[in-house]
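Participant: next one to model:
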Amino acid sequence: MNREPHIVVVGSANVDLTTFTDQFPRPGETIFGREFHLGFGGKGANQAVAARLCGARVSMVARVGDDLFGEATIRNFTARGVDASRVLITPGVSSGVAPIFVDSAGQNRILVVKGANDRLLPADVDAAADLLREADCLVLQLEIPIETVYYTLSFARRHGIRAILNPAPGQALDLAQLANADYVIPNETEAEVLGGMPVRNVDEARACAAHLLDGGLRRVIVTLGANGALCAGAEGSRHVPAHTVQPVDTTGAGDAFIGSFACFLSGGCDEYEAIARANVYAALSTLSVGTQMSFVTLERFQEVLG
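Facilitator: As a prediction, the model looks like this:
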């Protein structure tokens, strides 16, 4: 990177409750898990931590509950060097939680209880307007109210701020509103929901991305796990191969990609290089357990990059 960019993440902060098991239970079945971990998560918070670890200056705009997880979440942001001055404690509401179940193959299933995340409103964006206007890039996801996402994307467009939307968890969205984002970055499942067509390989990702561009989106990057990522814009599409690893836990890999991509792109890398680097960073995050705790330092990333 040529410089330290300022990334502002408007999004969610959760506590992850991760259970490891040899297999997922069938309906009505009780089985024993192998291991349990409690950690800090939420797509927004994860992406903020990834961007910070990759060398960006990062600020978080979020809400937490007035329970035991709320203050702990703010302390975690501060300890990791993320500006939490706009992380607000919401009286009478729980913090967001995410029970995560990981099988022996490293695949995960996640439930999200939004809690205070659902109270992050456009008024909170207005209250943080001075901070947002200073940003090189705004990063958003869908674990906060959709009206807040649309409002923030519109704010970014009006003020000429680069905006990245990770449309996760997948849901139907107004493509006209998403046209305010510079980049929309779904995984295969989220791309299927947005485009209404299957995305199981690079060719299908290319077709879906073209469909989304026809719908008004500016640029689309479909993350494809072990198949890398496909970037598409008006000039065509380009496939960027993955960094090959043997994954232990894929939880949070998409967040590692988004946060690191925002940092690398805003720090001066060209688009292809930023995607390639984000592929490496995301792959490295799968080599240990958890979300934020699995994200590697910039030094470790640079060792692998060579």
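
Participant: how about residues contacting the helix or strand of the chain with the lowest mean pLDDT?
Facilitator: Sorting the helices and strands of the chain by mean pLDDT, DSSP states H and E puts strand 108-110 at the bottom, at a mean of 84. The list of residues contacting strand 108-110 from outside it, by CB atoms under 8 Å, 6 or more residues apart in numbering, reads 24, 98, 99, 100, 101, 102, 249, 250, 251. Yep, even glycine has a C-beta here, placed from its N, CA and C like the rest.

Participant: try it again with 7 Å
Facilitator: For strand 108-110, contacts defined as CB atoms under 7 Å, 6 or more residues apart in numbering pick out 24, 98, 100, 101, 102, 250, 251.

Participant: now do stretch 167-182
Facilitator: Identification of contacts with stretch 167-182 by CB under 7 Å, 6+ apart yields 43, 112, 141-142, 150, 153-154, 156-157, 162-165, 184, 186, 189-190, 193-194, 215-219, 254.

Participant: next step: those residues restricted to helices.
Facilitator: Under the assignment DSSP state H, the contacts of stretch 167-182 contribute 43, 150, 153, 154, 156, 157, 189, 190, 193, 194, 254 to helices.

Participant: could you report the neighbour count for the residue nearest to the third one when sequence neighbours are not counted?
Facilitator: So the one you mean is residue 153. Nearest non-adjacent residue to residue 153, counting by CB to CB, 6 or more residues apart in numbering: residue 180, 3.9 Å away. Other residues within reach of residue 180, judged by other CB atoms under 10 Å, total 21.

Participant: and residue 24, by the same measure?
Facilitator: Residues lying near residue 24 (other CB under 10 Å) number 12.

Participant: how about residue 278?
Facilitator: 29.

Participant: settle this for me: it is touching residue 257, isn't it.
Facilitator: Yes: contact criterion CB atoms under 7 Å: residue 278 and residue 257 qualify, at 4.7 Å.

Participant: roughly how far apart are the residue nearest to residue 153 and residue 160?
Facilitator: Plainly put, residue 180 is 12 Å away from residue 160 if you go by CB to CB, to the nearest Å.

Participant: about what we covered before: so how far is the least confident helix or strand of the chain off the chain centroid?
Facilitator: How far strand 108-110 lies from its chain's middle: 15 Å, per CA atoms, centre = their mean, to the nearest Å.

Participant: what comes up buried for that strand?
Facilitator: Of the residues in strand 108-110, residue 108 count as buried by neighbour count, 16 or more other CB atoms under 10 Å.

Participant: pairing partners for it, with directions?
Facilitator: Sheet pairing for strand 108-110, assigned by DSSP bridges, gives strand 96-102 (antiparallel).

Participant: now residue 78, nearest residue through space, not along the chain?
Facilitator: Nearest non-adjacent residue to residue 78 (CB to CB, 6+ apart): residue 84, at 5.6 Å.

Participant: just the element for that neighbour, please.
Facilitator: Assigned by DSSP states H and E, residue 84 falls within strand 83-90.

Participant: out of the contacts of strand 108-110, what pair is the most spread apart?
Facilitator: Farthest pair in these (CB to CB) is 24 and 98. Separation: 16.3 Å.

Participant: now do the SS call for residue 275.
Facilitator: Following DSSP: H, G, I helix; E, B strand; the rest coil, residue 275 is assigned to helix.

Participant: go ahead and confirm it touches residue 261.
Facilitator: Yes: between residue 275 and residue 261 there is a contact under CB under 7 Å: 6.5 Å.

Participant: out of the two, which sits in the more crowded spot?
Facilitator: Between residue 275 and residue 261, counted using other CB under 10 Å, the more crowded position is residue 261 (33 against 25).

Participant: how about the contacts made by the more buried one?
Facilitator: 274, 275, 278.

Participant: ok but residue 176 is inside a helix, no?
Facilitator: Yes: assessed with three-state DSSP, residue 176 lies in a helix.

Participant: about what we covered before: can you put the contacts of strand 108-110 in CSV and add pLDDT?
Facilitator: Output for those, formatted as CSV (pLDDT from 0 to 100):
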residue, pLDDT
24, 88
98, 83
100, 84
101, 89
102, 86
250, 87
251, 82
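
Participant: among those, which one has the most neighbours?
Facilitator: Within the contacts of strand 108-110, most neighbours by other CB under 10 Å means residue 251, with 28 neighbours.
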